[in-house]
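In: Here's a sequence, model it:
(chains A and B)
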Amino acid sequence: MTLAIGDAEKRLVVEVRTHDTLIIVGETGSGKTTQLPQFLFNGGFCDGGKVIGITQPRRVAAVTVAKRVAEECGVELGQKVGYSIRFEDVTSRSTRIKYMTDGLLLREALLDPFLSRYSVIIVDEAHERTVHTDVLLGLLKDVQRARSKYNTTQNNSDKVNGNCSAISGKEGITHSPSYLKACQGAKFFPLKLIIMSASLDARGFSAYFGGARAVHIQGRQYPVDILYTYDPVRDYLNAALITILQIHLEEGPGDILVFLTGQEEIESVERLVRERIRHLPLSSQNVVTVSIYSSLPSEQQMKVFRPPPPGCRKVILATNIAETSVTIPGIKYVIDPGVVKARDYSAKTGLESLVIVPTSKAQALQRSGRAGREGPGKCFRLYPESVFFELKDSTLPEIKRCNLSSIVLQLKALGIDDIIGFDFMDKPDRDSIKKSLEQLIALGALTDEYKLSDPVGQQMSRLPLDPIHSKAIILATQYNCLEEMLITVSMLSVESIFYSPHDKLEEAKVAWKRFSCLEGDHITLINVYWASVEFIEKNKIKDGRVKAIEGNLKKWCRENFINNRSLRHAQDVHSQIRGHVQQMGLTVNSCGDDMLQFRRCLAASFFLNAALKQPDGSYRAMESGQRVQIHPSSMISGTKPDCVIYNELVQTSRPYLRYVTRIDPLWLPELAPQYYAAQT
DNA sequence: GAGCACTGC
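Out: Residues are numbered from 1 along each chain as shown, chains lettered A, B, ... in the order given. Model (predicted):
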């Protein structure tokens, strides 16, 4: 069935009433995200104080959509319509339409396993198949099944008899999982599930939900002409350069969006374009280039949204960030080289890598769509059409290519003990699950029987962090350095704190020197944090206005080549985690200048991430045996200590250790005997 | 002596 959203209100409400699960396929611009929740509200789905929840993979989307719907409803944001994302809860008791990130709903499930406030949950952008979306889908399936068991409206078939016994599996596949058992005769209304996807794979979702009904909603996209090359290109950067110039000289007005794989490519193409433009006739030099990628400080990101000077064409060089996360106005031409830098994970070696690979068909479609938002457009794919047909339909779901430790820990905390048997839409590799179980046992989060341990596992699962980071936090009190560890973990869990533009690298290094510590990068991060705190405190005395302090901090960040957005994010994480540990009753103590305590604590918690120097000067990662190098960006890459712990091991051009600190090799058997006793 | 895409709790 295909509908246009404008005249579909009644039909959609009936569809939701008559089907427990509905798949909605809507192209971009169909209005499904903003309209459907309002239809359901008007259709009575919030009667009795029930809530409609809509999940988004990204924070910005949750916020902007909520704002728009509040406006359309003519209500104040946070009242009838609100949103909830990490660090920001703009909802109230009267909120009935609630937008949120899917990760946040997963956290909510830890507190309320039946998600009992929600009458409808809409999972938006499900086609993106993020880890959070995938786990959520499996969970919602269970919750829906369990809630229909304890239904308040049809209580004759399955009477809840008032005790807490698990539901038996005698009804075969329709049984509810034992972790969802209602206590004291608790009763629920049924849960309606709506899965919204932008692409062609409705069948996959439909099959996963037992043949659920699918409805199509028409989009409002302008046509985009797709052009291919005749032959494969050898050098896509050069091909992109030529295409930019060609469009500029031969096509009508309109801005150009070029998809590249990373900062380096963007910087080099930007140089080349500027160079070539200077050699054009003066009348054709009306081009400005701007670039955008995630690690670029936000003031510079903002430049892509500025309209070009009159009569000028804007060329935007972007990474994947422009595919879904940001929408730039004025784009008429898209250049798509057909490649993307993607993270991959091998469960066998536990090695993460970051490699340039071909895009999927869905991704190519998404990219070309960026040319048709305001009018008809053109997309230049820098490969032959035959290559397009050979591309994979869609990108491999993230859950099949990432480390699962934190997901497994979260599922365990939800009471889901059989991870391998959990009903994932795409099952992660068995090896991958096994590996994460082993890691969680080594960290003491799980018992030898694979049960969540008490209190370590329970405490770890409450922290929204990587399990190793959680472990470090929980151990830190014993080493008298919880304050230092809170800062370290906060700084490690945000995107790169250090901003290094290619052309000012030397200048940046000089600036970073004043923070650097020869013992390692973890302490360097602490130094950056303290320096920023000190700067803020000084400014508070001079001029107490918040705006002035923010402005000065931005300047301080610029001067020190620190990413302001990342630093603020780290401050947010810091205060959130601090709140959690205080709730747990841990003492926030500090080791002062005695960093030996701190490094011993790092060894005791990061022991899985230890590496030993080899005679040839390279390192051997102790867990995997992998030969690695310390990343050149590390402050101690020159000193080469005998033994280090690292934050992550990622293969780019070679396998590198990032964020490294020197430890004494004897600490490992002393502080992690369960893991190192036999090996040393 | 080389350089990490994107997102989330």
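In: what does the stretch 151-300 of chain A put close to DNA strand B?
Out: Residues of the stretch 151-300 of chain A lying close to DNA strand B by CB under 7 Å from any atom of the strand are A:261-264, A:293-295. The C-beta positions use only the backbone N, C-alpha and C, and glycine is treated the same way.
In: Mark which of the residues you listed are buried, thanks.
Out: Among these, those classed as buried by neighbour count (16 or more other CB atoms under 10 Å) are A:261-263, A:293, A:295.
In: sorry, back to before: need the residues of the stretch 151-300 of chain A next to DNA strand B in TSV (columns: pLDDT, secondary structure and distance to residue A:95).
Out: As requested, these are exported to TSV (pLDDT from 0 to 100; DSSP: H, G, I helix; E, B strand; the rest coil; distance: CB to CB, whole Å):
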residue	pLDDT	secondary structure	distance to residue A:95
A:261	93	coil	41
A:262	90	coil	40
A:263	88	helix	40
A:264	87	helix	45
A:293	90	coil	35
A:294	86	coil	31
A:295	83	coil	35
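In: and the helix or strand where residue A:547 lies, how far from the chain's centre?
Out: Assignment of secondary structure by DSSP states H and E places residue A:547 within helix A:546-560. With CA atoms, centre = their mean, to the nearest Å as the basis, helix A:546-560 stands 27 Å off its chain's centre.
In: ok, of the residues of the stretch 151-300 of chain A next to DNA strand B, which one's closest to residue A:354?
Out: Proximity of those to residue A:354 (CB to CB) peaks at residue A:262, which lies at 8.9 Å.
In: Nearest spatial neighbour of the residue in the stretch 101-250 of chain A positioned nearest to DNA strand B, chain-adjacent residues omitted?
Out: Nearest to DNA strand B, among the residues of the stretch 101-250 of chain A, is residue A:103, at 3.2 Å (CB to the nearest atom of the strand). Computed as CB to CB, 6 or more residues apart in numbering, the closest residue to residue A:103 that is not its neighbour in sequence is residue A:132, at 4.5 Å.
In: surely that neighbour meets residue A:106?
Out: Yes - shown here, residue A:132 and residue A:106 form a contact pair, counting by CB atoms under 8 Å, at 6.0 Å.
In: More neighbours: those two, which one.
Out: The residue with more neighbours, out of residue A:132 and residue A:106, is residue A:132; 23 against 20, by other CB atoms under 10 Å.
In: A strand includes the more buried one, no?
Out: No - secondary structure of residue A:132, determined by DSSP: H, G, I helix; E, B strand; the rest coil: helix, with no strand assignment.
In: Can you give me the buried ones in the helix or strand harbouring residue A:269?
Out: Under DSSP H and E, the secondary-structure element containing residue A:269 is helix A:263-278. Of the residues in helix A:263-278, those buried by neighbour count under the rule 16+ other CB under 10 Å are A:263, A:265-267, A:269-270, A:272-273, A:277.
In: From those, pick the one nearest DNA strand B.
Out: Once CB to the nearest atom of the strand is applied, the member of those that ends up nearest DNA strand B is residue A:263, at 3.5 Å.
In: Now do the contacts for the closest residue to that closest one other than its chain neighbours.
Out: Spatial nearest neighbour of residue A:263, chain neighbours left out: residue A:293 (5.5 Å); criterion: CB to CB, 6+ apart. The neighbours of residue A:293, taking CB atoms under 8 Å, 6 or more residues apart in numbering as the test, are A:262-263, A:266, A:318-319, A:321.
In: if we go to 10 Å?
Out: Residue A:293 makes contacts with A:260-263, A:265-267, A:300-301, A:317-322, as judged by CB atoms under 10 Å, 6 or more residues apart in numbering.
In: Among those, which pair sits farthest apart?
Out: Every pair in the contacts of residue A:293 was compared (CB to CB); the two farthest apart turn out to be A:261 and A:300, at 18.9 Å.
In: hey, where'd the helices end up in the stretch 51-200 of chain A?
Out: Remark: helices of the stretch 51-200 of chain A, listed N- to C-terminal, are A:59-73, A:102-111, A:131-149; assignment by DSSP state H, counting those that start in this stretch.
In: any idea which of the ones you listed is most buried?
Out: Here the criterion is mean neighbour count by mean count of other CB atoms under 10 Å, and of the helices of the stretch 51-200 of chain A the winner is helix A:131-149, at a mean of 21.
In: C-alpha coordinates for that helix, PDB please?
Out: Backbone C-alpha positions of helix A:131-149 (Å, rounded to 0.1, in the frame of the first residue of the first chain) are rendered in PDB as follows:
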ATOM      1  CA  VAL A 131      24.100  -1.300  17.100                       C
ATOM      2  CA  HIS A 132      21.700   0.500  19.300                       C
ATOM      3  CA  THR A 133      18.900   0.100  16.800                       C
ATOM      4  CA  ASP A 134      19.600  -3.600  16.300                       C
ATOM      5  CA  VAL A 135      19.700  -4.400  20.100                       C
ATOM      6  CA  LEU A 136      16.600  -2.200  20.600                       C
ATOM      7  CA  LEU A 137      14.600  -4.100  17.900                       C
ATOM      8  CA  GLY A 138      15.400  -7.500  19.600                       C
ATOM      9  CA  LEU A 139      14.400  -6.100  23.000                       C
ATOM     10  CA  LEU A 140      11.200  -4.500  21.800                       C
ATOM     11  CA  LYS A 141      10.100  -7.800  20.200                       C
ATOM     12  CA  ASP A 142      10.400  -9.500  23.600                       C
ATOM     13  CA  VAL A 143       8.800  -6.600  25.400                       C
ATOM     14  CA  GLN A 144       5.800  -6.600  23.000                       C
ATOM     15  CA  ARG A 145       5.300 -10.300  23.400                       C
ATOM     16  CA  ALA A 146       5.600 -10.100  27.200                       C
ATOM     17  CA  ARG A 147       3.200  -7.200  27.500                       C
ATOM     18  CA  SER A 148       0.500  -8.900  25.400                       C
ATOM     19  CA  LYS A 149       0.800 -11.800  27.900                       C
END
